[in-house]
Structures are given as structure tokens and as C-alpha cells.
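Q: everything below, folded, please.
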Amino acid sequence: MKLEFPSTSWKDYELLDSGNYEKLERFGSIVMSRPEPKALWDKTMTDADWARMSHTRFVPGAGFGKAGKEDSGTWERLKKMDDQWYIRYAGGPAFRLRLGLTSFKHVGVFPEQAPNWEYIYSHTSGLVADAKAAGAPVPKVLNLFAYTGAASLAAKAAGADVTHLDSVRQVVTWARGNMEESKLDGIRWVIEDALKFAKRELKRGNVYQGIILDPPAYGHGPDGEKWKLDELLFGLLKTVSGILAPKNSFMVLNLYSNGYSAALGETLVRQAFGLPDQVGNDGKAGNDGKYVLESGELALKDKFGKVLPLSIFVRLER
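A: Okay, the predicted model is just below:
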């Protein structure tokens, strides 16, 4: 299992401290404190230090932590700040993201996802180069549960034909703004239930060279469709297995749900894609070079060296 962190060369994000179920973060010039249920240890800095440094802190509301209200609450302003601001990512891909304070503790980006952006950019770039050399069509990448689109921008920056799907119209509008601010264009925007869309693509015989999935624990489609991770993830993965190109392709699965391990995610992908249970000497699961399957955790490390694991990933190449 791998443990991956954002590159320290990313200057617009920093985890300053963590502990007592909170994290202190800097996004560009804005510092904020937010709840973090996985930060089970003590803070290194004092509460007074956190208050002195923070522009804003998130205050959980009634029902916080319960299904449907997991992250609800309000922001308490401690210093003058804009309601919206931009940060820049410049690793392999380069793009800009608009951030803002939402009523669900989120700000428009999950910084621990940076290693996935790098993976998507690198592998998409390779597929695009191979397609150009062979005179083949531009590789297609599908981003499901795509949120504000950082992964979509990584694939687009690499030259792919990108389809970005989310069930929330306002979030798709946010993602479109990020594309325009990043001087990119041509992403296809879809507002729909992810499982419904994948099933329709399977029926139509459409295939993609890259598929990205970052499903929530719970959610709703635009027409009231109910999404529950435990009940629907395996079925979605089986459908995805039918629309991912059988060779020269990749898939990235990311899961935040507490209780989901990298081993569980890998088993889900193995079973959904019909992959044999085999692990090579290099620690990567494979089948005579026909595919590579790897899994691990995405984490942040604060300035004091405390490691905060936040999600698990499974990546398939074939």
C-alpha cells in the first residue's frame, strides 16, 4: 500500500497544524480552521495561535455528522477576507481554482487529491502522445462525481477529450468557471446521476480511455435519484468496467468514507473488473503485464510532521 502527499512545491496550500478534530489550513493567503474527524491527536499550537492566524473558522450546526447534514454549519469571520478567491496549482498540470466558503465546510478543492491530479495528467499525456503517433482519435476521459473539476482540468491540460459529470448544477457552473480561469476550453459538461449516465453509455457502446470516480457516501441525482455508497458502488464499478477501454486505459477510484480501506477498494475493483488475485514482486498487482493495480492512501502532513490520512485510492492501468 502506498501513502502519497501533495508536493511541497505547491505553494498555494499548506496544512499548518492538526488535532482535537480540527485542521488549520492555508489556501493562498487565507488561513482557516475546519472540523476534521480523523485528527484524533492534540494540536501542536495553542487555540490562541489558531485564532490569531485564522481569517475564518467553521462552526458546525445542528445535525452535524448525521447523514444529510454531515458537514453543515456556518463560517465565523475572524479577519477581513473576500468571499471568493483563487489559488493556483502548478505541478505537472497547471490550473487555477476559485475557492469560497460553503455551508458544508468545503471550499471548492480537496488538496490531498493533488497526487491523483498528477497521476491523471501523466497517464493522460502518455495516452495523448501515443494516439497522436498512431494517428488515432484523442483519448476520452470521463470524470464522475467531478465536483469543481480539478481532475477534469488535469486531464484537459494533458490534451484529452474530457466529459465532466456532477449532479449539482451550481457545482458544474463553478467547474466551468475554473476551466475558463485556467485558460482551457472544450470540456463537455453533464448534469446527471452518475450511475444512470454510466449505464446509458454502456448501452450505447461508448468507451473511455480514462475514468475518474470520487463518489460521496450519500448523495442525490438531479431528478431525486438516491446514491448510497455501500449499496451502489460495486454496481457502478461493474458498469464502469464495460465502458473503460480494454487496453491503453486507466481508472482512478477515490473514496473518503470512514471504514473503507485501500484493501477493500482494491478487492472491489478486482471483482468488478474480473481481475485475478495476483501481486507482483514490486508490490503492484498485475497479470503478466496486462494490467497494473495499485492502492493506497492520500494524506496531508502538517508543519509539525503529523500525518493526516484523508482518503483511499485505487488506480488501474491496462
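Q: contacting residues for the closest residue to Ile120 other than its chain neighbours?
A: Closest residue to Ile120 apart from its sequence neighbours, by CB to CB, 6 or more residues apart in numbering: Ala154 at 4.5 Å. For the C-beta atoms, the positions are set from N, CA and C on the backbone; glycine is no exception. By CB atoms under 8 Å, 6 or more residues apart in numbering, the contact list for Ala154 reads 92-93, 95, 117-118, 120-121, 124.
Q: did I read that right, Ala154 in a helix?
A: Yes: counting by DSSP: H, G, I helix; E, B strand; the rest coil, Ala154 is part of a helix.
Q: from Thr74, how far off is it?
A: 32 Å (CB to CB, to the nearest Å).
Q: do Gly186 as well
A: Counting by CB to CB - Gly186 and Thr74 are separated by 38 Å.
Q: for Lys38, same thing?
A: Counting by CB to CB - Lys38 and Thr74 are separated by 22 Å.
Q: between the two, point out the one with more neighbours.
A: Taking other CB atoms under 10 Å, Lys38 and Thr74 do not tie; Lys38 has more neighbours (15 against 12).
Q: give me the element the more buried one is part of.
A: For Lys38, there is no enclosing helix or strand under DSSP states H and E.
Q: leaving out sequence neighbours, find the closest residue to it.
A: Lys38 sits nearest to Leu308 (CB to CB, 6+ apart), 6.2 Å away.
Q: return the residues in contact with the one you found.
A: Leu308 neighbours (CB under 8 Å, 6+ apart): 15, 18, 23, 36, 38-39, 299-302.
Q: kindly report the same for Phe145.
A: 165-166, 194, 213-216, 219.
Q: one more time with 6 Å
A: 194, 214-215 (CB atoms under 6 Å, 6 or more residues apart in numbering).
Q: so which of the residues you listed comes closest to Lys228?
A: Lys228 has its nearest neighbour among the contacts of Phe145 in Pro215, at 9.9 Å by CB to CB.
Q: SS state for that closest one?
A: coil.
Q: for Asp166, see how far away the spatially closest residue to it that is not a sequence neighbour is.
A: Spatially, and ignoring its direct neighbours in sequence, Pro215 is nearest to Phe145 (4.9 Å; CB to CB, 6+ apart). Distance of Phe145 to Asp166, given as CB to CB: 7 Å.
Q: what strand or helix carries the residue of the chain positioned farthest from its centre?
A: Relative to the centre of the chain, and counting by CA atoms, centre = their mean, the farthest-placed residue is Ala48 at 32.4 Å. Ala48 belongs to helix 47-53 when assigned by DSSP H and E.
Q: same thing with Pro115?
A: With DSSP H and E as criterion, Pro115 is part of helix 114-134.
Q: what is the mean pLDDT for that helix?
A: Average pLDDT, helix 114-134: 98.
Q: CA atoms only: put it into PDB for me.
A: Only the C-alpha atoms of helix 114-134 are listed here, as PDB (Å, rounded to 0.1, in the frame of the first residue of the first chain):
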ATOM      1  CA  ALA A 114      -3.000  16.500  -5.800                       C
ATOM      2  CA  PRO A 115      -1.300  13.100  -6.300                       C
ATOM      3  CA  ASN A 116      -4.300  11.900  -8.200                       C
ATOM      4  CA  TRP A 117      -4.200  15.100 -10.400                       C
ATOM      5  CA  GLU A 118      -0.500  14.300 -11.200                       C
ATOM      6  CA  TYR A 119      -1.300  10.700 -12.000                       C
ATOM      7  CA  ILE A 120      -4.200  11.700 -14.300                       C
ATOM      8  CA  TYR A 121      -2.100  14.300 -16.000                       C
ATOM      9  CA  SER A 122       0.900  12.000 -16.500                       C
ATOM     10  CA  HIS A 123      -1.100   9.000 -17.800                       C
ATOM     11  CA  THR A 124      -3.400  11.100 -20.000                       C
ATOM     12  CA  SER A 125      -0.400  12.800 -21.500                       C
ATOM     13  CA  GLY A 126       1.100   9.400 -22.400                       C
ATOM     14  CA  LEU A 127      -2.200   8.300 -24.000                       C
ATOM     15  CA  VAL A 128      -2.500  11.500 -26.000                       C
ATOM     16  CA  ALA A 129       1.100  11.200 -27.200                       C
ATOM     17  CA  ASP A 130       0.500   7.500 -28.300                       C
ATOM     18  CA  ALA A 131      -2.700   8.500 -30.100                       C
ATOM     19  CA  LYS A 132      -1.000  11.300 -32.000                       C
ATOM     20  CA  ALA A 133       1.800   9.000 -33.000                       C
ATOM     21  CA  ALA A 134      -0.700   6.400 -34.300                       C
END
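Q: for this structure, what helix or strand is lowest in average pLDDT?
A: strand 285-286 (a mean of 53; mean pLDDT, DSSP states H and E).
Q: just checking, what packs against the next helix-or-strand element following that one?
A: Using DSSP H and E, the helix or strand that follows strand 285-286 towards the C-terminus is strand 292-301. Using 3 or more CB pairs under 6 Å, 6 or more residues apart in numbering; DSSP states H and E, the elements in contact with strand 292-301 are strand 2-4, helix 262-273, strand 307-317.
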